[in-house]
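[1] return a 3D structure for these sequence lines:
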Amino acid sequence: MEQQPPSPLVLTEFSPHAQQEPPKNMGDLSKSYDRATIFFTRWGAHVLDHILLACFLIGLLSLGVSIDKDANGLYFFLLAAIILCSYYVLLEGLTGYTIGKFTFRIIAVNAEGRPPGLWKSFLRSLIRLFEANVFLLGGLPAGISVLASDKRQRLGDLAANTYVVKVKDLNNVSKKQTTVLAVVFSIVAVLSIIGMIFGIVDLASRTPTEEIFYSKDKKFQITAPSDWSKDSALHDEADIEISNRFSEKYVLVLSESKQDLDSSFTLQDYAQVIEANLQEAVENVSVDKQIRTVVDNQVAIQFNAKGEIDGIKVAYIVTLVETPTHFHQIMAWTEEKRFESLKQELQKVSTSFREVK
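    Next comes the predicted model:
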């Protein structure tokens, strides 16, 4: 019987691509996630990012305060703002991660499953300022959008056509890149926490100092805490102008030479003129009873007043001092809602007025 030749063995050529899964559609992948799970994962990453940014800011705040009120301080805080704004744009644009996302093993990607790039990252970060701002609705718009949209996208994702997916569901994640990012992010997180600790310790141990501010002719002075600074925008004719605009507290000194007044003009006359001027300049003004006090070993008159300027409720402490050559008006004010907490400081600054001997 004639033997049949052995059937040829069919060999298939090995291809590395044969072992890989086909690329996934990011929209379908994002759509497959349980709404609650992806919501809380993204929320956890968001909270962690804000905690680390807060640590970073506290460290920068300590350094910024130590710079004092020098012009360099302004540049320093501008630099800090740029760094904070770049956190999301650069990290998510180039890697898809923030430290929070990396920790929770989620990543921001474009439709092809790659990092969004700087433009898309900028767009989604810009919208983040409104929809994920803890000071503006507490990030509620972002949360509602993630829960309501079919593909679990917040508004910034919808605008930039990006998705947030789980890292384990991607085919193109490099283990080497993951290791490098883990090391870098760990170092950044540790440094932020260390900066916060040193910042808190430094700010807590900082002894408040005072600074003397002189009139333009160097004949009068006033003393205020070191967080005050000169402010030339308060009054064109003021001899001394100081403020802390962050805390909305202001003091100015206006001096009137006795040579320009009638010889019979008294401190009480001066007080009546100032009170009348205040009632003309301020809307809905109410003036408290005048009291007698002592400033720079001179008899002085002081009264409180409240009113409105351009719709803003303001409270004043007005101190009037007579020296041998001048009448001085020390006007201290703040928003009415801050007045009780700042009243003692404003009064102390006002009564620190002195003639330079």
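[2] endpoints of stretch 211-221, how far apart?
    Using Cα to Cα, to the nearest Å, the end-to-end distance of stretch 211-221 comes to 10 Å.
[3] from here on, call the first residue 52.
    Yes, from this point I'll number from 52; that puts the last item at stretch 262-272.
[4] state the mean pLDDT of that stretch.
    The pLDDT scores in stretch 262-272 average 91.
[5] buried ones in it?
    Residues E262, F264, S266, F271, Q272 are the ones in stretch 262-272 that count as buried (16 or more other Cβ atoms under 10 Å). No exception for glycine: its C-beta is placed from N, CA and C like everyone else's.
[6] can you list contacts of that stretch?
    Residues from elsewhere that reach stretch 262-272 (Cβ atoms under 8 Å, 6 or more residues apart in numbering): 273-277, 279, 281, 290-291, 293, 304, 306, 379, 404-407.
[7] out of those, which are buried?
    Among the contacts of stretch 262-272, those scoring as buried are 273-275, 279, 290-291, 293, 304, 306, 379, 404-406 (criterion: 16+ other Cβ under 10 Å).
[8] farthest pair in the residues you listed?
    Farthest pair in these (Cβ to Cβ) is W279 and E406. Separation: 20.4 Å.
[9] inside strands: which ones of the buried residues of stretch 262-272?
    The members of the buried residues of stretch 262-272 that map onto strands under DSSP state E are E262, F264, F271, Q272.
[10] and those as TSV, adding distance to L242?
    Converted to TSV, those look like this (distance: Cβ to Cβ, whole Å):
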residue	distance to L242
E262	33
F264	38
F271	48
Q272	43
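[11] nearest to R205 among those?
    E262 (47.1 Å).
[12] and after the lowest-mean-pLDDT helix or strand in the chain, which helix or strand comes next?
    Least confident helix or strand, the chain: helix 122-146 with a mean of 76, by mean pLDDT, DSSP states H and E. Note on helix 122-146: by DSSP states H and E, the next helix or strand toward the C-terminus is helix 150-154.
[13] list of residues touching that following helix?
    If you take Cβ under 8 Å, 6+ apart as the criterion, helix 150-154 is touched by 95-100, 103, 142-143, 158-159, 215, 232-233, 236, 239-240.
[14] doesn't W279 make contact with E292?
    No - taking Cβ atoms under 8 Å as the definition, E292 is not a contact partner of W279, at 10.5 Å.
[15] overlap in contacts, the two.
    V302.
[16] so where do the helices sit in the chain?
    Assigned by DSSP state H, the helices in the chain fall at 77-82, 86-117, 122-146, 150-154, 169-182, 191-199, 206-211, 226-256, 318-332, 390-401.
[17] and those helices, which one averages the lowest pLDDT?
    Taking the mean pLDDT of these, helix 122-146 comes last: a mean of 76.
[18] quick check: the gap between D313 and I178.
    In this view, D313 and I178 are 66 Å apart by Cβ to Cβ, to the nearest Å.
[19] cool, and E326?
    Separation of E326 from I178 (Cβ to Cβ) stands at 52 Å.
[20] count the neighbours of I360 for me.
    Using other Cβ atoms under 10 Å, the number of residues around I360 comes to 12.
[21] for it, give the beta-bridge partners.
    I363 (DSSP bridges).
[22] can you give me the pLDDT of it?
    On pLDDT, I360 comes in at 89.
[23] do A183 as well
    So, for A183, pLDDT stands at 80.
[24] that one contacts D208, doesn't it?
    No - A183 is not in contact with D208 according to Cβ under 8 Å; the separation is 11.1 Å.
[25] the two - which one has more neighbours?
    Between A183 and D208, counting by other Cβ under 10 Å, A183 is the more crowded of the two (27 against 24).
[26] pull the contacting residues for that one.
    Going by Cβ under 8 Å, 6+ apart, A183 touches H97, G190, P192, A193, R205, G207.
[27] neighbours of the last one, just the number please.
    Put plainly, it is G207. So G207, with other Cβ under 10 Å, has 24 neighbours.
[28] now do the contacts for it.
    Residues in contact with G207, defined by Cβ under 8 Å, 6+ apart, are L174, R175, S176, L177, I178, R179, E182, A183, A193, T213.
[29] run the last query once more with 10 Å
    Counting by Cβ atoms under 10 Å, 6 or more residues apart in numbering, G207 touches 139, 159, 171-172, 174-183, 193, 196, 213.
[30] kindly report the same for the second one.
    Contact analysis of G190 by Cβ under 10 Å, 6+ apart lists W94, H97, V98, H101, R179, E182, A183, N184, R205.
[31] right, and the fifth one touches R205 too?
    In other words, R179. Yes - in this structure, R179 is within contact of R205 by Cβ atoms under 10 Å, at 8.1 Å.
[32] any common contacting residues for these two?
    In contact with both R179 and R205: H97, G190, A193, using Cβ under 10 Å, 6+ apart.
[33] report how many residues lie close to the first one.
    Which is H97. H97: 21 surrounding residues under other Cβ under 10 Å.
[34] contacting residues for it?
    Contacts of H97 (Cβ under 10 Å, 6+ apart): T149, G151, K152, F155, R179, A183, V185, G190, A193, G194, R205.
[35] likewise for F236?
    Applying Cβ under 10 Å, 6+ apart to F236 gives the contacts L103, L142, T146, Y148, T149, I150, G151, K152, F153, T154.
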